[in-house]
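> Compute the structure for the input listed below.
(2 chains)
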Number of protein chains: 2
Amino acid sequence: MLESSDYLKDDCLKINCTVGVVVSATNCSQLNSIQVPESDIGAHFGMLLDNMEGSDVIFNVAGEKFHAHKLVLSARSPFFRSKFFDDGVEEDEQEIVISDLEPVVFKAMLHFIYRDTLTEDVDMATSSSSPVCSVSETLTTKLLAAADRYGMDRLRLMCESHLCKDISVNSVSSILALADGHHATELKAVCLKFAAENLAAVMRSDGFTYLKENCPSLQSELLKTVAGCEEVAAVKVESHGVYGPNFQMVVTPMAEESDKEPSIWTSS
Amino acid sequence: MLESSDYLKDDCLKINCTVGVVVSATNCSQLNSIQVPESDIGAHFGMLLDNMEGSDVIFNVAGEKFHAHKLVLSARSPFFRSKFFDDGVEEDEQEIVISDLEPVVFKAMLHFIYRDTLTEDVDMATSSSSPVCSVSETLTTKLLAAADRYGMDRLRLMCESHLCKDISVNSVSSILALADGHHATELKAVCLKFAAENLAAVMRSDGFTYLKENCPSLQSELLKTVAGCEEVAAVKVESHGVYGPNFQMVVTPMAEESDKEPSIWTSS
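Numbering: from 1, shown residues only, chains lettered A, B, ... in the order given. So this is what the prediction gives:
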């Protein structure tokens, strides 16, 4: 039987092999090319934050002082731009009291504003091993809230991306609630999808009881997701125009000839 | 003969195949991950340059005016930091006359300072099709000179990387001369290596005649490269501490109560 095969000729078995080579990276001549290093613009502005050179504003966060630059804050956050440029705030060095953020959160926010990266504290923070109730207590969550209030979209997405990794049957309800509260539409969509796919287990979790009582509207959104009548991921909530951080501005008498009335940034 | 083979048992040929699967990219569940967009810090500061909000300095380059921000310039260039911070320059809006750069070069430099990218003009500019003598006339070359004088290492490397692509037998001598003149050590190393490898042809080029007459020291460096007695690529010239752009500062009477004497930034 074997002898009659087409592949056997003159007592010789020919095996035809095709060998494919996968090139993982094109290794062109390195001789005639010069590598340009990564962007260092974040490092440059980070140095300004570290050495406080040219600082023209001081933030007082629960007694802790942070020196910063109005120009950098304005370039990076629409909230600060509106406050420093549009409201015609006076030029003297000012002390601004921040009453709605903890110092560690404000510090992480400043780090992002200047360096365009997350602090190591945030990068290392994973709440996956911690109990459900503490999701809202993590630095990442607090930074998400700050990013939302100060209008920093990329920072918000960075935090959403981090929190996304913590989604579990036990945590999804509380992450969904905070995503909803902080305009984190991408995170909310992922939560809704995850909850819909693991509905029975999620409904038995403690977090869901909290969700039912405090965010009833999210239940109907979840129902819609389960029913598949809404492409959740495609829903984009328009960026909200009104920011409301709790801000108080105190003009300190640093400039000698300052005789203007102090302006107060009221909380909304 | 075939019948006696170890691989043939009971009229049956067994072929053992090992199939390897090459995964080109780990395609994890995209459901549970949120993509964070690229850095936008350059775009943010670019907007400041475009709308001139909060500008506190004006540059006059051959009659063309450019509004800028001392803080951004200082963060990005050691030359400007030294001028604006260390020299204790007064706070009023100033007009600074730049006499050693063309407006188009200064504009490209500002673009890099704020956006951390090259302008399209530079990105598109390739002198490979143009004659030898014009290498020093390209925007990239002029920007390289500016980057060197104002201490912007990454910009200089970007220009070096661009010019590197233009190296040919005809152009290498002039590129080598300007790399040497502007502390472009990486570009210089590539030029020396290229010239050493194509020595006979390079020595017959017009550019080499110029090199012999104007930069005799480069000839001995080339000889060393040919002799292979120096690892050129490893030679790193220490960053030079003294910058010497031709600068004149004119304090314009924008602030009403300005009665200080104008300070002049002399050329070196």
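> Look up how far chain B lies from A:N16.
According to CB to the nearest CB, to the nearest Å, A:N16 and chain B sit 12 Å apart. In short, each C-beta sits where N, CA and C put it, glycine included.
> which bits of the stretch 51-200 of chain A sit near chain B?
A:53-54, A:69-72, A:74-76, A:81, A:84-85, A:116, A:154, A:157-158, A:160-161, A:164-165, A:167, A:186-187, A:190, A:193-194 (CB under 8 Å from any CB of the partner chain).
> Now that we have these, which of them are buried?
Among these, those buried by neighbour count (16 or more other CB atoms under 10 Å in any protein chain shown) are A:53-54, A:69-72, A:74-76, A:81, A:84, A:116, A:154, A:157-158, A:160-161, A:164, A:167, A:186-187, A:190, A:193-194.
> quick check: domain ranges of chain A?
Taking the TED database as the domain assignment, the ranges for chain A are A:42-101, A:118-230.
> Kindly reformat those domains as CSV containing mean pLDDT.
Shown next, in CSV, are those (pLDDT from 0 to 100):
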stretch, mean pLDDT
domain A:42-101, 88
domain A:118-230, 85
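> Pipe these into JSON lines and attach distance to B:Q219 per row.
As requested, those are exported to JSON lines (distance: least, CB to CB, whole Å):
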{"stretch": "domain A:42-101", "distance to B:Q219": "39"}
{"stretch": "domain A:118-230", "distance to B:Q219": "52"}
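> mind checking which of those is nearest B:E95?
Of all the domains of chain A, domain A:42-101 sits nearest to B:E95, with 19.4 Å by CB to CB.
> Endpoints of that closest one, how far apart?
Its start and end residues considered, domain A:42-101 measures 24 Å (CA to CA, to the nearest Å).
> Please apply the same query to stretch A:82-95.
Per CA to CA, the first residue of stretch A:82-95 is 17 Å away from its last.
> ditto for stretch A:15-35
Start-to-end, stretch A:15-35 (CA to CA) is 46 Å.
> Check stretch A:191-211 too.
Stretch A:191-211 has an end-to-end distance of 13 Å (criterion: CA to CA).
> Using neighbour counts, pick out the buried residues of that stretch.
For stretch A:191-211, by 16+ other CB under 10 Å, it's A:C191, A:L192, A:K193, A:F194, A:A195, A:A196, A:V202, A:S205, A:G207, A:F208, A:L211.
> same check, this time on stretch A:45-62
Neighbour count says stretch A:45-62 has A:45-49, A:53-55, A:57-61 buried, by 16+ other CB under 10 Å.
> which outside residues touch that stretch?
With contact meaning CB atoms under 8 Å, 6 or more residues apart in numbering or on different chains, stretch A:45-62 is reached by A:65-70, A:72-73, A:91, A:93-98, A:101-103, A:106, A:110-111, A:114-115, A:250, A:252, B:41, B:70-71, B:74-75, B:81, B:84-85.
> These in strands, which ones?
A:K65, A:F66, A:H67, A:A68, A:Q94, A:E95, A:I96, A:V97, A:I98, A:V250 (DSSP state E).
> Quickly find the element holding the closest residue in space to the second one that isn't next to it in sequence.
Read it as A:F66. With CB to CB, 6 or more residues apart in numbering or on different chains as the criterion, A:F66 has its nearest non-adjacent residue at 4.4 Å, and that residue is A:F59. Element membership for A:F59 (DSSP states H and E) is strand A:57-61.
> so that strand versus strand A:94-98, what angle?
30 degrees (axes from the mean of the first three to the mean of the last three CA atoms, to 10 degrees).
> is any part of stretch A:215-232 close to chain B?
No - residues of stretch A:215-232 are not located near chain B by CB under 8 Å from any CB, the shortest gap being 11.2 Å.
> Helices along the stretch 1-150 of chain A, start to end?
In the stretch 1-150 of chain A, the helices defined using DSSP state H, counting those that start in this stretch lie at A:41-51, A:70-76, A:78-81, A:103-115, A:120-124, A:139-149.
> Please produce CSV containing those helices, extended by distance to B:S171.
CSV is the format used below for those (distance: least, CB to CB, whole Å):
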stretch, distance to B:S171
helix A:41-51, 31
helix A:70-76, 40
helix A:78-81, 47
helix A:103-115, 40
helix A:120-124, 46
helix A:139-149, 50
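> For A:G228, which of these is the nearest?
Among the helices of the stretch 1-150 of chain A, helix A:139-149 sits nearest to A:G228 (CB to CB), with 28.0 Å.
> contacting residues around the helix or strand just after the closest one?
Toward the C-terminus, helix A:139-149 is succeeded by helix A:153-164 as the next helix or strand (DSSP H and E). By CB under 8 Å, 6+ apart, the surrounding residues in contact with helix A:153-164 are A:109, A:112, A:116, A:118, A:122-123, A:125-126, A:135, A:140-141, A:143-144, A:146-148, A:175, A:178-179, A:182-184, A:186-187, A:190, A:239, B:32-37, B:39-40.
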